[in-house]
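No sequence on hand, only this structure:
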């Protein structure tokens, strides 16, 4: 039973201040994970975290995105260094909560081919899982054939790993309690993008909802169903419940 | 024309003091590499460095070796953290010498299967090379099926990558000017392990020569010939010469 848990960058960092941790939120999430493991829940767990104010600020300063590449080695080190710093904070809080967390950096683990498709090697992740560790991945820069380096987002890593590991459960811990409809109520289940397109498309200009539309579309393409929920529902998700919005 | 250059841990660190850099030696090596690149030499270059007093002290404190594993997450972080710190120093000196160096951490890039064989994914390394960067790898801890984590040495990474990349030139920059015979003279060429076994075996109890015997054996198994030389010959090697001992 493999679970992939994404901790949104906006959950664990202060999105309004460059390279600022939301330490209370991160510690609460780490504690929820530690409690679940202590209860024998979420046995084969992979954690993926976003960039929040660490990754996005540096990436946008250097004009690097998932498609816009750079050959500037200083840009690479700024973005990768910021993400490693955030990953170090996440690891330290998880270790303090007795989670046997180990870092797996996407930059070292794979690359994009010329058409932009992600080739992430999962050998480290699967072997660490088998040995009882909790691999922790993150949004990162990654070598991109013909483009230098581009960004790989935490969400892209989640969908890539979900397929590679044949994950049974996928959870996205976000700042919102789920995918919201036009009246800000949580939509319980989404099986079909067309049915919610008008709602998600309506406020497509805001980053959060634009991100949400992309998340929903990617998650609908997976074998396993996924949950999108808020931090207060993390323990429930790890206990096997389906809080927030279930997708697919 | 792909070149793999190993900077020995004993070259770039003070082996007698825990976690102590030999900064003068490291800066000289970085400058030699920067000069070679500026002259258009060693176009597709991969750098691998050993652990020296960073990796070995931590590994032996925790009783972890290439075959003796550990499931202790604190041991993993001690060893991996020390090697990442050393890698950070190597990167910073290379960047200062205008070498577009990028870190590729073996822990993230692969694993050992149950029989101990190393499966290191080379996608990041090959894509970075194609985009004009210089990937820098290092000895590390790595997930090992059935054993937790074990050590992967810089030498093992060199031989693994040499095959994966079909490297044309392999250089091991060591503290000695080459493989020495019974009278401490540099042996110019070794084609056959049997012919030098008595010399290398004679002082097999010392770490340096024990390491040398293992190096020679592994390098003889490669397609390309390899050079073992001292720091003073690094520029000559990068310029295309064959200083020190040529193996295979």
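Received it, and whenever you're ready, just let me know what you need. All values reported here derive from a predicted model rather than from experimental measurement. Residues are numbered from 1 along each chain as shown, chains lettered A, B, ... in the order given.

all strands for chain A, in order.
Along chain A, the stretches classed as strands by DSSP state E are A:2-7, A:44-49, A:101-103, A:110-112, A:118-120, A:134-138, A:140-144, A:148-152, A:169-173, A:189-190, A:226-229, A:245-247.

Adding mean neighbour count, write these out as CSV.
Backbone N, C-alpha and C define where each C-beta goes, glycine included. Formatted as CSV, those follow (neighbours: other C-beta atoms under 10 Å in any protein chain shown):
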stretch, mean neighbour count
strand A:2-7, 25
strand A:44-49, 26
strand A:101-103, 25
strand A:110-112, 25
strand A:118-120, 19
strand A:134-138, 25
strand A:140-144, 28
strand A:148-152, 25
strand A:169-173, 26
strand A:189-190, 18
strand A:226-229, 26
strand A:245-247, 24
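
packing partners for the lowest-mean-pLDDT helix or strand in chain A?
Of all helical and strand segments in chain A, the minimum by mean pLDDT, DSSP states H and E falls on helix A:207-220, at a mean of 75. Using 3 or more C-beta pairs under 8 Å, 6 or more residues apart in numbering or on different chains; DSSP states H and E, the elements in contact with helix A:207-220 are helix A:154-164, strand A:169-173, helix A:193-202, strand A:226-229, strand A:245-247.

wait, which of the ones you listed is closest to chain B?
Chain B sits nearest to helix A:154-164 of all these, at 12.2 Å, using C-beta to the nearest C-beta.

buried ones in the closest one?
Going by neighbour count (16 or more other C-beta atoms under 10 Å in any protein chain shown), the buried part of helix A:154-164 is A:154-162.

now stretch A:178-185
A:178-181.

And the furthest pair within those residues?
Spatially, the most separated pair among the buried residues of stretch A:178-185 is A:178 and A:181, at 9.7 Å (C-beta to C-beta).

Could you tell me which residues touch both of the two?
residue A:187 (C-beta atoms under 8 Å, 6 or more residues apart in numbering or on different chains).

any low-confidence regions in chain A?
Within chain A, the stretches with pLDDT under 70 are A:201-210.

returning to what we had before: tell me the angle of the least confident helix or strand of chain A relative to helix A:193-202?
Interaxial angle, helix A:207-220 versus helix A:193-202 (axes from the mean of the first three to the mean of the last three C-alpha atoms, to 10 degrees): 170 degrees.

List the buried residues of helix A:207-220.
Neighbour counts using 16+ other C-beta under 10 Å place A:209, A:211-213, A:215-216, A:218-220 of helix A:207-220 among the buried residues.

Tabulate the helices and strands packed on helix A:207-220 (a markdown table), appending distance to chain B.
As requested, the helices and strands packed on helix A:207-220 are exported to a markdown table (distance: least, C-beta to the nearest C-beta, whole Å):
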| stretch | distance to chain B |
| --- | --- |
| helix A:154-164 | 12 |
| strand A:169-173 | 21 |
| helix A:193-202 | 31 |
| strand A:226-229 | 25 |
| strand A:245-247 | 29 |
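
Get me the contact residues on chain A for chain B.
A:71, A:73, A:76-77, A:80, A:91, A:95, A:100-112, A:119, A:121, A:123-124, A:126-128, A:130-133, A:142-149 (C-beta under 8 Å from any C-beta of the partner chain).

if I look at the residue of chain A positioned farthest from its centre, how far off is chain B?
Distance from the centre of chain A peaks at residue A:183, with 26.4 Å (C-alpha atoms, centre = their mean). Here the criterion is C-beta to the nearest C-beta, to the nearest Å. By it, residue A:183 lies 44 Å from chain B.

Isn't residue A:104 up against residue B:109?
No: Residue A:104 is beyond contact range of residue B:109, at 9.0 Å (criterion: C-beta atoms under 8 Å).

so what sits against both of those two?
Common contact partners of residue A:104 and residue B:109 (C-beta under 8 Å, 6+ apart): residue A:124.

What about the spatially closest residue to residue A:126 that is not a sequence neighbour, how many residues nearby?
Of all residues not flanking residue A:126 in the chain, residue A:165 sits nearest, at 6.6 Å (C-beta to C-beta, 6 or more residues apart in numbering or on different chains). Using other C-beta atoms under 10 Å in any protein chain shown, the number of residues around residue A:165 comes to 19.

report the longest helix in chain A, please.
Scanning chain A for the helix with the most residues, using DSSP state H, yields helix A:73-96.

Taking helix B:73-96 as reference, get the angle to it.
With the same axes, to 10 degrees applied, the angle from helix A:73-96 to helix B:73-96 works out at 170 degrees.

what's the spacing between residue A:238 and residue B:192?
Applying C-beta to C-beta, to the nearest Å, the value for residue A:238 to residue B:192 is 59 Å.

All good on my end, thank you.
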